[in-house]
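Undergrad: build me a model:
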Amino acid sequence: MTSAYLLEEAMSSKDDVSSKLQYIKQSTRSARAGSAMMKSVETSAISRELQCYQQLVLEVSDSKTMSLG
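TA: Just a heads-up that it's a prediction; the model follows:
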């Protein structure tokens, strides 16, 4: 094997590693963004559920107050 061939192989391997690293970085960013979006969706759903429970508690409380009055 000539040194030119070895150099070419090394450069090719470097390019492969570099492109794979870039892909991993992009995938990591996408996963983080997706995770943040899911947390936001989950938080919104929990917030809506809490609001429903609060409304239900107020309605039950009002109905008990009305029945006593």
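Undergrad: point out where the chain drops to low pLDDT.
TA: Scanning the chain for pLDDT under 70 picks out the ranges 1, 67-69.
Undergrad: please enumerate the helices of it.
TA: With helices called from DSSP state H, the chain shows them at 3-68.
Undergrad: domain parsing for it?
TA: Per the TED database, the structural domains of the chain span 1-35, 37-68.
Undergrad: distance from the first one to the middle of the chain?
TA: This points to domain 1-35. 25 Å (Cα atoms, centre = their mean, to the nearest Å).
Undergrad: cool, the shortest one as well?
TA: With Cα atoms, centre = their mean as the basis, domain 37-68 stands 26 Å off its chain's centre.
Undergrad: number the residues from 720 up from this point.
TA: Done: numbering now begins at 720, and the last item shifts to domain 756-787.
Undergrad: for it, which positions count as buried?
TA: Neighbour counts over domain 756-787 (16 or more other Cβ atoms under 10 Å) mark no residue as buried. The way it works is simple: take the backbone N, C-alpha and C, and place the C-beta from them, glycine included.
Undergrad: and for Q745, the neighbour number?
TA: Using other Cβ atoms under 10 Å, Q745 has 10 other residues around it.
Undergrad: quick one: residues contacting it.
TA: By Cβ atoms under 8 Å, 6 or more residues apart in numbering, no residues touch Q745.
Undergrad: from K758, how far out is it?
TA: Here Q745 is placed at a distance of 21 Å from K758 (Cβ to Cβ, to the nearest Å).
Undergrad: do the same with V736
TA: Following Cβ to Cβ, the distance that separates V736 from K758 is 33 Å.
Undergrad: same check on M730?
TA: M730 is 42 Å from K758, by Cβ to Cβ.
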